[in-house]
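[1] Need coordinates for the following:
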Amino acid sequence: MDLVADIKQRLSVEDLVGQYVVLRKSGRNFKALCPFHSEKTPSFYISVEKQIAYCFGCQKGGDLFQFFQEVENADFPTALKALAEKAGLDYTQYHATTQRQGATKDEIRKLADVHDIAVTFFKNNLWDSEEGAKVLDYLRGRGMSDETIRAWNVGFSPDFPDEFYRTALQEGVNKTDLIASGIVIMKDMDGTNVFDRFRMRLMFPIQDGLGRVVAFGGRALKKGMEPKYLNSPETAAYKKSEILYGLFQAKNAIRAEHHVIMVEGYMDLIACHQAGICEAVATSGTALTSEHAKILKRLTDTFYLCFDNDNAGWEATKRAYLVLQAVEANVRVVTIPDGKDPADTLKISKEPFVAAIAGARPFFDVYLDREISAVTLTPERTLLILTESLSYIRAVQNKILQDIAIRALAGRLGVKEVVIYDELKRVAQQQKFKPLDKRAIEQQRESISNNTSNQLRRLRPEELILVCALQAPPRDNPAGPPTKVPDFFRELHESDFPDDLREIFVAMREVVMKSQDLTISHLAEQLEPQLMAKISFYCVYGEAMYSEVSLEIFEKDVQTALDKLLQNRKNVQLEALKRIIKSYQQEGKKSELIEALAQLREKLKN
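    Prediction:
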């Protein structure tokens, strides 16, 4: 465990908040007068289950650490030390492994030294042990040469509980630095039980921009072992959102080739470099972030996305495209024949992969190809594609590129460009604030349990559906309202959500589709801090709204919000269909017009 986790285990958010304000019991949770602004009616809500404190009035709060930083005007290291003391923990025996700010050069150097020792340990186990010989055979079977294996310092972690820990102590490394590195785990408070984090895994050292090893990625070698990929936790030297695997080796090639190739896995990345395609990089333990995009944008404007050819890979491609549009990148998609990944393709021959890069096409062209099937493009299918495409068009910052995308879409759908421009305007207007009525959700559930805040705003239906999703019970604890979370995440699309909520919806959907619980920790792996602030609000809001209501009311709210979103989508499609009909009339397309009119009549019936 790291210090942050141990503090949260010993100190609850209600205990901390109770040191600043008087708490009033409200069902399973607490209310209080806000410590951040003056008020007469309690608007500060403390969720015991979610361990979040949030003010509906001034929108301040968060978890244990965010609350302390806000109320004491403190930075994170100060909060860490103070809360460790409150929790009865010795700060000097720990080292923060998450969100650590302002690390000193000495701390970074010590972490680099620990990682260098680990690199040697894992390499020795690969090359000089009986089990390592089997792993070497596996790597060679995947197409890696011995020279490549050594160049990338690939290693092997044996299946022993603390072999690296004991080896490092013998090398003179102290326990504090070992725990700080994240390569070992402390299993108890007094530090007597320390174990290796990585066991029976293929080890890939992860370097920072200066070439220092700051973390590891470990691939499981046992069948059924979970997780398949295990990364080091964040440390003073390792921020997942800022480090890309292979970037140190790829920087010069990216500049020389004027583009970067993004792949998904360690093996894919190494296979590219082994084949002389050295402008390739991969993300490290997280999806592509805005920080990754900014770092790469300093080197090139052109990004080739070469992710897996399955549905998960396509979803990753679409999400990466949205992130990259924020930095106005030129995004092209690499499609490898037969659905193979880069490593498998390059193992056989370099030529098909090079040809796939040369034939890479703009994201939007690939998007349209994947969405427009070989069957007849019916008015209904046209509407669906048009509706879903708008979110990707709106993400384009450059108006010239946006115009090119609109013309491509119009050409493929056989509609006039003006129809798409009108729809863009209409969607922008519809996505402005629109509260969900239903008698203002029973007067905002009695203004959140008897006037929690007279400043509480009404939620849009898009927000309410996210709030309800966050109230789903954990999968290992079915107590609580059994929502149809997976069902409505399949029914909805990111185009149903406004710009300020789209990324939250996509992140939630990814978590749900991985059969994970919608928890703060799972979402924090994918969302940036400003979006996590909204998640905090939705968690607390949902607890206040639904902790004391019947399952019937909860399900009614879910259905009401879902119906509203689907009706909004239908309204957009109807308006688009009317414009398409007008376009067909003007162009004299009789057969298309007849089919579109029939489609319109059918939609008006439903």
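[2] CA only for contacts and neighbour counts going forward, please
    OK.
[3] so how far is whichever helix in the chain runs longest off the chain centroid?
    Counting by DSSP state H, the longest helix found in the chain is helix 551-587. From the chain centre to the centre of helix 551-587 is a distance of 28 Å (CA atoms, centre = their mean, to the nearest Å).
[4] Give me the packing partners of it, helices and strands only.
    Contact analysis of helix 551-587 by 3 or more CA pairs under 8 Å, 6 or more residues apart in numbering; DSSP states H and E lists helix 379-395, helix 417-430, helix 461-470, helix 590-605 as its packing neighbours.
[5] of all the ones you listed, which lies closest to residue 161?
    helix 461-470 (36.6 Å; CA to CA).
[6] and that closest one, which residues are buried?
    By neighbour count on 16 or more other CA atoms under 10 Å, the buried set for helix 461-470 is 461, 462, 463, 464, 465, 466, 467, 468, 469, 470.
[7] Could you check the angle it makes with helix 551-587?
    140 degrees (axes from the mean of the first three to the mean of the last three CA atoms, to 10 degrees).
[8] Output helix 461-470 as PDB, restricted to C-alpha atoms.
    Provided in PDB are the C-alpha atoms of helix 461-470 (Å, rounded to 0.1, in the frame of the first residue of the first chain):
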ATOM      1  CA  PRO A 461     -31.400  14.600 -18.800                       C
ATOM      2  CA  GLU A 462     -27.900  13.800 -20.100                       C
ATOM      3  CA  GLU A 463     -26.600  14.600 -16.600                       C
ATOM      4  CA  LEU A 464     -29.300  12.700 -14.800                       C
ATOM      5  CA  ILE A 465     -28.500   9.500 -16.800                       C
ATOM      6  CA  LEU A 466     -24.900   9.700 -15.700                       C
ATOM      7  CA  VAL A 467     -25.900  10.400 -12.100                       C
ATOM      8  CA  CYS A 468     -28.100   7.200 -12.100                       C
ATOM      9  CA  ALA A 469     -25.300   5.200 -13.700                       C
ATOM     10  CA  LEU A 470     -23.000   6.100 -10.800                       C
END
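[9] What average pLDDT does that helix get?
    The pLDDT scores in helix 461-470 average 86.
[10] Would you mind stating the distance between residue 500 and residue 401?
    Separation of residue 500 from residue 401 (CA to CA, to the nearest Å) stands at 22 Å.
[11] for residue 463, same thing?
    Taking CA to CA, one finds residue 463 at 31 Å from residue 401.
[12] And residue 500 and residue 401? Which one has more around it.
    residue 401 (14 against 11; other CA atoms under 10 Å).
[13] that's a strand at the more buried one, yeah?
    No: with DSSP: H, G, I helix; E, B strand; the rest coil as the criterion, residue 401 is located in helix rather than a strand.
[14] what pLDDT does it get?
    Reported pLDDT for residue 401: 83.
[15] which secondary structure element contains residue 368?
    In the assignment (DSSP states H and E), residue 368 maps to helix 363-371.
[16] How about stretch 276-288, which residues are buried there?
    Buried-residue list, stretch 276-288, by 16+ other CA under 10 Å: 277, 278, 279, 280, 281, 282, 283, 284, 285, 287, 288.
[17] ok, the most centrally placed residue in the chain to residue 507 distance?
    In the chain, the C-alpha nearest the mean C-alpha coordinate belongs to residue 526, at 2.2 Å (CA atoms, centre = their mean). Here residue 526 is placed at a distance of 6 Å from residue 507 (CA to CA).
[18] One more: residue 34?
    30 Å.
[19] Of these two, give the one with the bigger neighbour count.
    residue 34 (25 against 18).
[20] backbone phi and psi for that one, please?
    phi -60, psi 130 (degrees, to the nearest 10).
[21] now residue 169
    Per degrees, to the nearest 10, the backbone of residue 169 is at phi -60, psi -40.
[22] Next one: the residue nearest to it when sequence neighbours are not counted relative to residue 123, how far apart?
    With sequence-adjacent residues excluded and distances taken as CA to CA, 6 or more residues apart in numbering, residue 169 is closest to residue 175, at 7.3 Å. Residue 175 sits 22 Å away from residue 123, going by CA to CA.
[23] Also residue 507?
    Taking CA to CA, one finds residue 507 at 36 Å from residue 123.
[24] Sort out which residues of stretch 163-176 are buried, please.
    Buried residues in stretch 163-176 (16+ other CA under 10 Å): 164, 165, 168, 173, 175.
[25] before we move on, back to that, could you give the mean pLDDT of the longest helix of the chain?
    81.
[26] Now do it and helix 379-395, the angle between them.
    100 degrees.
[27] Determine the angle, from 0 to 180 degrees, between helix 551-587 and helix 590-605.
    160 degrees.
[28] Check which residues of helix 551-587 are buried.
    Per 16+ other CA under 10 Å, helix 551-587 contains these buried residues: 554-555, 557-558, 560-562, 564-565, 568-570, 572-577, 579-584.
[29] now swap in stretch 210-227 and tell me
    Buried, per 16+ other CA under 10 Å, within stretch 210-227: 212, 213, 214, 215, 216, 217, 218, 219, 220, 221.
[30] which residues in the stretch 101-250 of the chain form helices?
    Counting by DSSP state H, counting those that start in this stretch, the stretch 101-250 of the chain has helices at residues 105-127, 130-141, 146-151, 163-170, 175-181, 247-257.
[31] Residue 270 is nearest to which of those?
    helix 146-151 (7.8 Å).
[32] Other residues contacting that closest one?
    Identification of contacts with helix 146-151 by CA atoms under 8 Å, 6 or more residues apart in numbering yields 140, 270, 274.
[33] residue contacts, the second one?
    Same thing as residue 270. 148, 152.
[34] Of the helices and strands packed on helix 551-587, which is nearest residue 3?
    The closest of the helices and strands packed on helix 551-587 to residue 3 is helix 461-470. By CA to CA, the value is 26.8 Å.
[35] just checking, what packs against the closest one?
    Checked by 3+ CA pairs under 8 Å, 6+ apart, helix 461-470 has helix 499-513, helix 529-546, helix 551-587 packed alongside it.
[36] let's see 7 Å
    helix 529-546, helix 551-587 (3 or more CA pairs under 7 Å, 6 or more residues apart in numbering; DSSP states H and E).
[37] Please pull out the lowest mean pLDDT helix or strand from the chain.
    One helix or strand of the chain scores below all others by mean pLDDT, DSSP states H and E: helix 438-446, with a mean of 42.
[38] count of neighbours near residue 43?
    24.
[39] How much space separates it from residue 23?
    On the measure of CA to CA, residue 43 and residue 23 end up 12 Å apart.
[40] Can you pull the residues that touch both of those two?
    With contacts taken as CA atoms under 7 Å, 6 or more residues apart in numbering, residue 43 and residue 23 have residue 32 as neighbours in common.
[41] related to what we said a few turns ago, out of the helices and strands packed on helix 461-470, nearest to residue 245?
    Using CA to CA, these put helix 529-546 closest to residue 245, at 22.9 Å.
[42] So which bits of the closest one are buried?
    Quick answer for helix 529-546 (16+ other CA under 10 Å): 531-546.
[43] Give me the contacts around that helix.
    Counting contacts by CA under 7 Å, 6+ apart, the residues touching helix 529-546 from outside are 45, 47, 52, 54, 62, 445, 448, 467-468, 470-471, 524, 554.
[44] now stretch 108-115
    With CA under 7 Å, 6+ apart as the criterion, stretch 108-115 contacts 177, 178, 181, 212, 213, 214, 236, 237.
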